[in-house]
Every structure is written in C-alpha cells, then in structure tokens.
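**Q** everything below, folded, please.
(chains A, B, C and D)
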Number of protein chains: 2
Amino acid sequence: MEVGRTETGGGESLLFLTDEQLRKGIEAMYFAYRAFTADPDRILETHEYGRAHHRAIHFINRQSGLTVNMLLIMLGVTKQSLNRVLRTLVEDGLVEARIGRRDKRERNLYLTEKGAALERELSDAQRARMRAAYRAAGPAAVAGFRQVLEAMMDPEIRRHYQAMKDGAA
Amino acid sequence: MEVGRTETGGGESLLFLTDEQLRKGIEAMYFAYRAFTADPDRILETHEYGRAHHRAIHFINRQSGLTVNMLLIMLGVTKQSLNRVLRTLVEDGLVEARIGRRDKRERNLYLTEKGAALERELSDAQRARMRAAYRAAGPAAVAGFRQVLEAMMDPEIRRHYQAMKDGAA
DNA sequence: TTGGAAAGTCAACAAGGCTGACATAAAATC
DNA sequence: GATTTTATGTCAGCCTTGTTGACTTTCCAA
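**A** Numbering: from 1, shown residues only, chains lettered A, B, ... in the order given. The predicted structure follows:
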C-alpha cells in the first residue's frame, strides 16, 4: 500500500504504481470489458444463444479439432456447464463432434459451415471495436496493452494463450 | 477484414491491425479479465456475497454519497437487479442509504465501517494482481494499456470514467 | 395541484455457473 | 485377462445475477 510513492535509486518514477493509478486500471478493465462483450451479446440475442456459446464457438474456430477436455481447460468451467452449451450447438448443427482417431474416448470438435458463419458474424463485430480502439491508440499503446494483460493472466492460462498459434489443430 | 496488411504512405506499419493481432487482443481481454475477477471472487465466497456486491461496494467507496440512480448508470443494470444487492448490503450493515438533503426522493449511499473493511479486503487483493502486472510490464506499457481500454469503452461511460476523481463526492 | 421523476417492491423467468451421483467406453496398468 | 483410470455424457437440483412487467409511494417542480 505504501508502494510507488517514491523514486528508485536509478531515478525511474514509480508513480504509476500508486493506489490511485491501480484503481483507475481496475475500473478501466471493468468498463472496457463491458463494452467488449456488448456487440457480440446483441448478435447472440437474435440467435437465441448466450455468451457461453460464443466462447465455445470462438475456441473451436481458433483451434479446429480440439478435444472437449482441452476446451474445458480454456474456458475454466465444469464439464456439466460446457456440456449444456455444446449439446445445443451440436443439435443445432453449428458444431460437429467426431470420435478421436487415436483415442476413441476423445471427441474432436469442429465448426460446421453454419457454425463458421455465426463465428464470423460475432468476431467481425468484436474485431470492429477492437480495431477502432487499436487504431485510436496506436501500435505502441497496443503493445503495452498486450503486455499488461499477459502479465495479469494466471500462469497456466498464459502458457496456453502464448502457445495458441494460427488456426490449425 | 482486408485492413492492416499494407503500409501507409508515411511508412508507418499497420501490421498491428491484422485480424490475427486483433484476435490475440480479444483472447487476452478474455483471459486477463478472468484472472482479474478471480481473487475478489474467492474472498466474496467466504462472505456469502457475489460479484454484484463487489461492484456496488466499489463504486460507493469510490464516490461516497452517490445516488442510486448514478450507481445504476455506472453499473449498467436494472434497478430491480441492483435493488436486490443493495438491500442485502443495507440489511447486513455494510451500506447506509441516507435520504437526500436537497431532493428527498434520492438516496445517498455510504459505506459503513464494516462495508469499508470489506472494500479494503477486496481491493487490496485486486490491486495486488494489478500492481504485479504493472510492475512486470513497466510504465510505458501501462500507459498503452490504459489508452486502449479507454478507446474501447462506450463514449458515455468513458466520460464518467474520466470524470471520476479522487474519493470525495 | 398535478405530472413526472426517483425509488422501492413483487412476481416470474432465463442464462449460466456450481455440486453430486452415476453410466459408458476405451485406454492404461497390473 | 482383470482392474483401474480417463474422457465424456447425463440427470437433478441449487445459486447468482441478469431480465421484463406491473404497481406503489414519495416528492420536486412547473
């Protein structure tokens, strides 16, 4: 609590670590996250889906063929909770669950064309806001934005986040 | 969608606006927000409260004496939803709702000592994570972090966010 | 004095978390 | 080959926190 009100020997200001600065950061996270989810939420309403469906669709699109267990780890929810969501997506023909080749206990998840279409609609909207914010803030700010967010994540999740590469399984 | 893959005439790279960069930003927001709420959530559990109580307590602490209507705007929920939360906080003696001096229809909200104690416990935990992230990323990154988050907010909320000054009503 | 704003309340409902218990198939191990 | 572990699915019930709609009370201001 008494941290950040002095200068280091090296002369680098620590004023950015005052409680007031931290509180502004906390509020910024809260308000920005609300805006961040608002656009997809509006779209989801018209499709009779919720935020949980969006998350599942996002990660299945991101890493086509990932297993239920992997998705569970990414989302950090119980299998019962995920299953409810996943079942409706499969029933509605947005997601296909194929039995694993090597390990037949596993289910590999894929978006159907219909699922991919909804994913595009959702991520277009979300990216539009993110792009506007990025453009307004500029590349240096964006780099800092990403650095702070990464530092805030739980370490295990951060590893998954950093490992996630382009599209393919 | 085809944006960001070229360079401007001025030579400034727009590679930070590619869909892949935007997607990483989206995922970073999601994962970081989850970590951001995890610590307070654990504390709230032991007190039989939820995230909604935390938010109310946060803003009442931040702007002591604010009205129910103002709190409604900050939180972006319905009065019925807020009322349920606020009622338990008043009943449990964490919040005091005083009738407005000028306008007696209004209720000005204040934290009691007990309420302030819980607020401190919650925000200490939340600040600890934020401080660690700030320290790891450094002041320049923090400035960028705040810039991008502000640019992402809805304009009306951003005005409130920027207007909110230190403590007093 | 009356219209409308601020606040409170009741009821009903939905999404999406949770726990616990149990079933099945397949893989892994003894 | 028998047993245990793992991955998945499913049923039932609970909680928090959001929603809508209807209605009341209080009280400022035109």
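**Q** what lies in contact with stretch A:124-140?
**A** The set of residues external to stretch A:124-140 that reach it, using CB atoms under 8 Å, 6 or more residues apart in numbering or on different chains, is A:35-36, A:39-40, A:42-43, A:142, A:145, B:1, B:3-4, B:12-13, B:16-17, B:19, B:21-23, B:25-26, B:140, B:144, B:147-149, B:151-152. C-beta coordinates here come from the backbone N, C-alpha and C atoms, glycine included.
**Q** go again using 7 Å as the cut-off
**A** Residues outside stretch A:124-140 that contact it (CB atoms under 7 Å, 6 or more residues apart in numbering or on different chains): A:35-36, A:39-40, A:43, A:142, B:3, B:13, B:16-17, B:19, B:22, B:25-26, B:144, B:147-148, B:151-152.
**Q** which ones among the residues you listed lie within helices?
**A** Under the assignment DSSP state H, the contacts of stretch A:124-140 contribute A:35-36, A:39-40, A:43, A:142, B:19, B:22, B:25-26, B:144, B:147-148, B:151-152 to helices.
**Q** out of those residues, what pair is the most spread apart?
**A** Across these, the longest distance by CB to CB is 28.8 Å; it joins A:I43 and B:G144.
**Q** circling back: filter the contacts of stretch A:124-140 to the buried ones?
**A** Those of the contacts of stretch A:124-140 that meet the buried threshold are A:35-36, A:39-40, A:43, A:142, B:16-17, B:19, B:22, B:25-26, B:144, B:147-148, B:151-152, by 16 or more other CB atoms under 10 Å in any protein chain shown.
**Q** quick one: contacts for the one residue in chain A that gets nearest to DNA strand C?
**A** Residue nearest to DNA strand C within chain A (CB to the nearest atom of the strand): A:G50, separated by 1.5 Å. A:G50 makes contact with A:L44, according to CB under 7 Å, 6+ apart.
**Q** so how far is A:T88 from it?
**A** The gap separating A:G50 from A:T88 is 10 Å, by CB to CB, to the nearest Å.
**Q** neighbours around the residue in chain A that DNA strand D sits nearest to, how many?
**A** Scanning chain A for the residue nearest DNA strand D gives A:N69, at 2.7 Å (criterion: CB to the nearest atom of the strand). Neighbours of A:N69 under the rule other CB atoms under 10 Å in any protein chain shown: 12.
**Q** swap in A:D154?
**A** A:D154, neighbours per other CB under 10 Å, totals 16.
**Q** sorry, back to before: confirm the residue of chain A closest to DNA strand D sits in a strand?
**A** No. Read with DSSP: H, G, I helix; E, B strand; the rest coil, A:N69 is helix and lies in no strand.
**Q** please name the nearest non-neighbouring residue to it.
**A** A:E106 (7.3 Å; CB to CB, 6 or more residues apart in numbering or on different chains).
**Q** need the phi and psi values for the residue of chain A closest to DNA strand C.
**A** Taking degrees, to the nearest 10, you get phi -120, psi -180 for the backbone angles of A:G50.
**Q** quick one: residues contacting the spatially most central residue of chain A.
**A** Note on chain A: the residue nearest the mean C-alpha position is A:R55, at 7.2 Å, using CA atoms, centre = their mean. The contact partners of A:R55, taken as CB under 7 Å, 6+ apart, are A:L75.
**Q** name the SS class of it, please.
**A** When classified by three-state DSSP, A:R55 comes out as helix.
**Q** next one, pLDDT for it please.
**A** pLDDT, A:R55: 97.
**Q** swap in A:E2?
**A** A:E2 is assigned 47 on the pLDDT scale.
**Q** again with A:S13
**A** 77.
**Q** can you pull up the bridge partners for it?
**A** For A:S13, the beta-bridge partners under DSSP bridges are A:E7.
**Q** that one and A:L86, how far apart?
**A** Counting by CB to CB - A:S13 and A:L86 are separated by 49 Å.
**Q** and if you look at A:V77?
**A** The value you get for A:V77 to A:L86, if CB to CB is used, is 11 Å.
**Q** and for A:R107?
**A** From A:R107 to A:L86 the distance is 9 Å (CB to CB).
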